[in-house]
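Novice: here's a sequence, model it:
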Amino acid sequence: MKKIVYSAAAALLLTLSVPSLTHAKTSADFTDLKDLDAATKAKFDALISAGIFDGLGDSRFGLNDAMTRAQFAKVAALILNLKVDTSLKNSSFKDVKPDDFANGYALPYIEALKQAGITNGDGKADTFNPDGPVTKEQLAAFLVRVLGLDVKNEHLSIKGTVSEWAAGYVGLAMQLELLKQQANMNWTGTANRNDLVLSSYETKTQLDPLQLLSASVTEQHELTLTFSASLQPSQVDLSKILINGKPLDKIKAQFRLSTNGKVLTIIFDGPLSQDLLNRPAVSIVGLQSITGKTLKTDKPVAIEKGNLLPAPPVAPPSNTGSTGSTYTPPSSGGGYTPPSDTTAPQLLSIKRKGSESTVLLSFSEALSGTSAINLSSYKLVKDAASSINLPEASTAVLSGDKKQVTLTFPQTFSIDNRLYSVPSFFTGDAGIQVGGVTDLAGNVISPIVRKVEVENPGLNSTVSFVKPNVEEGNWNKTQPKIGEHPEGTAFKYQVAAEPVSAIIGLAYNSDENGTLGWNSGEERDILSEANPISIANSRNVITVISYNTATKEVIGYQSFKISEDQVLRAKGLSSGITIELSDNQQLPGMYKVSFDSLPEGHVYYYLNTMKSAEIGKKKSESFEWANAWALTSGTEIQATEKKLTVIETDKDGVILAYEYFDPAKFPEDPAK
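Specialist: Numbering: from 1, shown residues only. Purely as a prediction, here's the structure:
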């Protein structure tokens, strides 16, 4: 295993969780994880339950918070199952100290990483830089090296900004799906906690024992095996794979391996035998993953049979990685005749990306090329009332596996005398009707309308929110924190009770995005660390869009539910109030209210009752407080019930604080 001597890694999620005797935490306990999809939640739950990750508060995980090298060291040591001496009090790095309030906890884990030869610090003499940030490309380098892999010069095409030294690491990390590529990714930017949770999960699966997850037959000539970790093509030996106890002949079978190395497809040139399809099962004896984990199945894994279709013989792949020097076609296996196919194909999804003029349709099985590329098989549907032919100059292309159709539209097209693009047409429930498409057996799909979904890449930077550390002017506000992002992009935001959507690929001030509230050009709507954001009790969801500053085109969006530990709440009224009996003999029940001066722009208002107020909401928007009376020092009020509520607002009329005054706080009238 190689050493990392630069600022190597990812900073990871804070402290380990201490198992609770009453409640084991899951993703459901954290407000900023509740909107994740089920598959991602399962990954978070696996690492949270293992005690590897915990939140930054009782209800906040800190999904988008930046990470430090000290935070990473603790989690990395646990993932690698290193021997950690938690009694250590001295570090070999002069900037790692046990009494460091923020980073002292990481000392034994940092030492464990050094002992394992994973890091020698930050490249400077005897320092680790525990508070230092970690970039995405440094994270990629660490993950690849911790798996003990060598980086070659060739790598996947990388979109975005990446340093020359890191390109190979980033390419291999993406190939193995340790990290995901995003549009306009800035690999030199700081990694966040979300990056590390997901990449740690994928890295851990590569280090865990290799498992055969499933085996399936979906074509007459192919058997597909799915593994929990990646295989090396040069190490795949088909003779170690047994079908119903009989090893495959590696001279008479070929294979291809998926890009991530987890899906092994074994290819035959004739239909699979009846014997194989009669109570079939797969066993493995000795295959190894890229990290050297050897698989020996405890019991055979049943082969699932998909929608088997007749298919002509296929030529062997030109670059298979097989160790055989010549290719000998295998036997047809007894002349198996597949069952007749009577099932129509299903339309699985229709998706578009960004401002592109293409739409991708995915189907459950291979299609007839003639029907799939026939434009009359598709109609545009703007609403339930009508369907429209595709615009002139549109094209349809069928994928190599015949399961996907790409429709390409003109950059702009006219419908009902209105000019559209793909993003502007496919808004709301607009979709595509598919009908007349057939599979290879001639089964016809029934006409079906499916909404066109857009793939949301999220924000092109790390965005998080913290409690402001300066009180003046920041009561009931949260402070944005924004990481590095590509030049020519910026962010806008809305605050609401629920997440707000945006139409990716259209300008934020377009008619369509304007109806969603994104058309404001006001400076206060631009997300900036210099402008904390007011948060009301019920309006506590901030939706942020990233956009191109030149075209104003929306690139992606994300919603954040702000918890109370991210908001600086007022501790009470700025000035204490004194209530005295009035000396006005003509009006009984009068009281004089006095207080010291208020901060500039702040105003008190009152009601002669006990009434709550919603912090962060404008007084004018509150039914109870819209017509409250202004209160100045020395004001005389009539409070026959001895009840009073006072609110404090800022110069914009936003309620900052309120206080009740019940009968116990009113002086007694000595005349009674």
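Novice: would you mark the buried spots in stretch 231-244?
Specialist: For stretch 231-244, burial by neighbour count (16 or more other Cβ atoms under 10 Å) applies to 231, 236-238, 240-243. Quick note: C-beta positions are derived from backbone N, CA and C, even for glycine.
Novice: was I right about residue 236 contacting residue 253?
Specialist: No - Residue 236 is not in contact with residue 253 according to Cβ atoms under 8 Å; the separation is 11.1 Å.
Novice: rewinding a little: any idea which of the buried residues of stretch 231-244 is least confident?
Specialist: In terms of pLDDT, residue 243 ranks lowest among those, with 82.
Novice: tell me if I'm right that that residue and residue 284 touch.
Specialist: No - using Cβ under 8 Å, residue 243 is not in contact with residue 284; the gap is 10.9 Å.
Novice: list just the nearest of the buried residues of stretch 231-244 to residue 262.
Specialist: Set against residue 262, the nearest of these by Cβ to Cβ is residue 231 (7.5 Å).
Novice: can you pull the contacts of that closest one?
Specialist: 257, 261-262, 264, 287-290 (Cβ atoms under 8 Å, 6 or more residues apart in numbering).
Novice: most neighbours out of the residues you listed, which is it?
Specialist: Greatest neighbour count in the contacts of residue 231, by other Cβ atoms under 10 Å, goes to residue 289: 25 neighbours.
Novice: any idea what it is bridged to?
Specialist: On the basis of DSSP bridges, residue 289 is bridged to residue 231.
Novice: do you know the pLDDT at it?
Specialist: The model reports residue 289 with a pLDDT of 90.
Novice: right, and it touches residue 211 too?
Specialist: No - in this structure residue 289 lies outside contact range of residue 211 using Cβ under 8 Å: 9.6 Å.
Novice: list residues touching both of those two?
Specialist: Common contacts of residue 289 and residue 211 (Cβ under 8 Å, 6+ apart): 227, 229, 295.
Novice: show me what contacts the last one?
Specialist: By Cβ under 8 Å, 6+ apart, residue 295 lies in contact with 209-212, 227, 284, 286-289.
Novice: the helix or strand harbouring residue 432 packs against which elements?
Specialist: Assigned by DSSP states H and E, residue 432 belongs to strand 431-434. Strand 431-434 sits against strand 347-353, strand 358-363, strand 378-383, strand 448-451, with contacts defined as 3 or more Cβ pairs under 8 Å, 6 or more residues apart in numbering; DSSP states H and E.
Novice: which of the contacts of residue 231 lies closest to residue 466?
Specialist: Residue 466 lies nearest to residue 262 out of the contacts of residue 231, by Cβ to Cβ, at 38.2 Å.
Novice: hey, where'd the helices end up in this protein?
Specialist: Secondary structure of the chain (DSSP state H): helices at 38-49, 69-79, 107-115, 136-146, 167-175, 193-207, 274-277, 369-372, 422-425, 511-514.
Novice: mind listing what's buried in the last one?
Specialist: Spelled out, it's helix 511-514. Neighbour-count burial for helix 511-514 [16+ other Cβ under 10 Å]: 512-513.
Novice: using PDB, write down the CA coordinates of it.
Specialist: The C-alpha trace of helix 511-514 is given here as PDB (Å, rounded to 0.1, in the frame of the first residue of the first chain):
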ATOM      1  CA  ASP A 511     -42.000  32.800 -17.700                       C
ATOM      2  CA  GLU A 512     -42.000  29.200 -16.500                       C
ATOM      3  CA  ASN A 513     -39.500  29.800 -13.600                       C
ATOM      4  CA  GLY A 514     -41.100  33.100 -12.900                       C
END
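Novice: please shift the residue numbers so they start at 186 in all later answers.
Specialist: Understood, numbering begins at 186; the last thing we discussed is helix 696-699.
Novice: who touches that helix?
Specialist: Under the contact criterion Cβ under 8 Å, 6+ apart, helix 696-699 has outside partners 609, 612, 687-688, 691-692, 704, 739.
Novice: now tabulate the shared contacts of residue 474 and residue 396 in TSV and tack on pLDDT.
Specialist: Output for those, formatted as TSV (pLDDT from 0 to 100):
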residue	pLDDT
412	90
414	91
480	86
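Novice: so of those residues, which ones are in strands?
Specialist: 412, 480 (DSSP state E).
Novice: and which of the shared contacts of residue 474 and residue 396 is nearest to residue 667?
Specialist: Closest approach to residue 667 among the shared contacts of residue 474 and residue 396 (Cβ to Cβ): residue 414, at 36.0 Å.
Novice: ok, the closest one - contacts?
Specialist: Residue 414 makes contact with 390-391, 393, 395-396, 446-447, 474-476, 478, according to Cβ under 8 Å, 6+ apart.
Novice: ok, now residue 638?
Specialist: By Cβ under 8 Å, 6+ apart, the residues touching residue 638 are 534-537.
Novice: now render those as a markdown table, adding pLDDT and neighbour count.
Specialist: Listed next are these as a markdown table, based on pLDDT from 0 to 100; neighbours: other Cβ atoms under 10 Å:
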| residue | pLDDT | neighbour count |
| --- | --- | --- |
| 534 | 90 | 13 |
| 535 | 94 | 21 |
| 536 | 93 | 14 |
| 537 | 93 | 22 |
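Novice: taking the residues you listed together, which two end up most distant?
Specialist: For those, the farthest-apart pair by Cβ to Cβ is 534 and 537; their separation is 10.8 Å.
Novice: re earlier: tell me how far the strand holding residue 617 lies from the chain's centre.
Specialist: With Cα atoms, centre = their mean, to the nearest Å as the basis, strand 616-619 stands 28 Å off its chain's centre.
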